[in-house]
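Requesting a structural model of the entry that follows:
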Amino acid sequence: MKADGWKNGSPFDNAWRADHISFSDGYMDIRLDDQASRGEPYSSGNYQTNGFYGYGCYEARFKPVANSGVVSSFFAFAGPFDNGGNGKVNEIDIEFLGYDTRLFQANYWTNDDNYTWGHEHIIYLGFDASQEFHRYGFKWTSGSIEWFVDGIPVYEVFDTSSNPTPKASESLQKIMMNVWPVDNTAATWAGTFTYPGSSLHGIYDWVRHTAGEDCTIGDAPTPPPPPPDGDPMDMHIQDIAMGLNKRGTQVITRLLYPTVLGSRCLMSPLMASG
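Purely as a prediction, here's the structure:
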């Protein structure tokens, strides 16, 4: 779901607009710009699942925005108005703070509507995350939360009675991604935001969730194979099914497992003879 036509309020200095999320060449682009909306000086995008998820492995491959005062995120969340939760804020975060994209902040909140008991921890990467794609994720279980970079564990917290982690039995969570500018109340955390004069872009390659406490954050998903060589104007159809409509006046054709190469359709004489 693309968030559209609403805002979070402070410390967010933007409204959410669906047209600030776009897809091209297999990537999702979340755009932050100076389009005023709903009383806020900036607009950006928030993309989230409709469903709710529990214990398991959460991972995304993306490039955050390198600009002071901009937060680029990948996180799991349930709030007071979400049907998948217990009516309280539960959240597990990966947040890039654009003043220095050589690090990110790991965090979580447990039954904390007022955001008064955070667990912020800075992860130093040893590279600039804004320059190339890397994988960031966390494994959420009943006993701990463990964060990963490129499949390697980098930080872990454990559930205790005095400092509990979120529980799937209390609150399932949506998967979310967004890019947003902070207002002055959060400048000491994420840096002061000054619009650079042109739009800023967080680029996301893929996101996945593997259910279960025995999940493993391992290799990246295998990309689909490239199309076979051939005329770029051709389309090869592997299989096809034909049938008459109820009135017997039209032939209905259904393509099965097509490989698209271009704009022209090629079929074998046997397939076309029906």
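
Pull up the gap between the residue nearest the centre of the chain and residue 59, please.
Per C-alpha atoms, centre = their mean, the C-alpha nearest to the average position across the chain is that of residue 177, at 4.1 Å. From residue 177 across to residue 59, the span is 12 Å (C-beta to C-beta, to the nearest Å). Quick note: C-beta positions are derived from backbone N, CA and C, even for glycine.

Overlap of the contact sets of these two?
By C-beta atoms under 8 Å, 6 or more residues apart in numbering, residue 177 and residue 59 have these common neighbours: residue 207.

ok so, going back, nearest spatial neighbour of the residue nearest to the centre of the chain, skipping sequence neighbours?
Leaving aside its sequence neighbours, residue 177 sits nearest to residue 47 (C-beta to C-beta, 6 or more residues apart in numbering; 5.0 Å).

which secondary element of the chain has the worst mean pLDDT?
Every helix and strand of the chain was ranked by mean pLDDT, DSSP states H and E. The lowest is helix 269-272, at a mean of 37.

Quick one, grab the pLDDT at the residue nearest to residue 177.
Per-residue confidence (pLDDT) for residue 47: 98.

Number the residues from 54 up from this point.
With the count now opening at 54, the last piece we talked about shows up as residue 100.

which ones are touching residue 96?
Contacts for residue 96 (C-beta under 8 Å, 6+ apart) come out as 67-70, 73, 85-90.

element containing it, please.
Secondary structure from DSSP states H and E places residue 96 in strand 95-97.

Same question for residue 242.
Residue-wise, residue 242 maps onto helix 240-243 under DSSP H and E.

Show me how far whichever helix or strand comes after that helix is from its chain's centre.
Past helix 240-243, heading to the C-terminal end, the next element that is a helix or strand (DSSP H and E) is strand 253-264. How far strand 253-264 lies from its chain's middle: 4 Å, per C-alpha atoms, centre = their mean, to the nearest Å.
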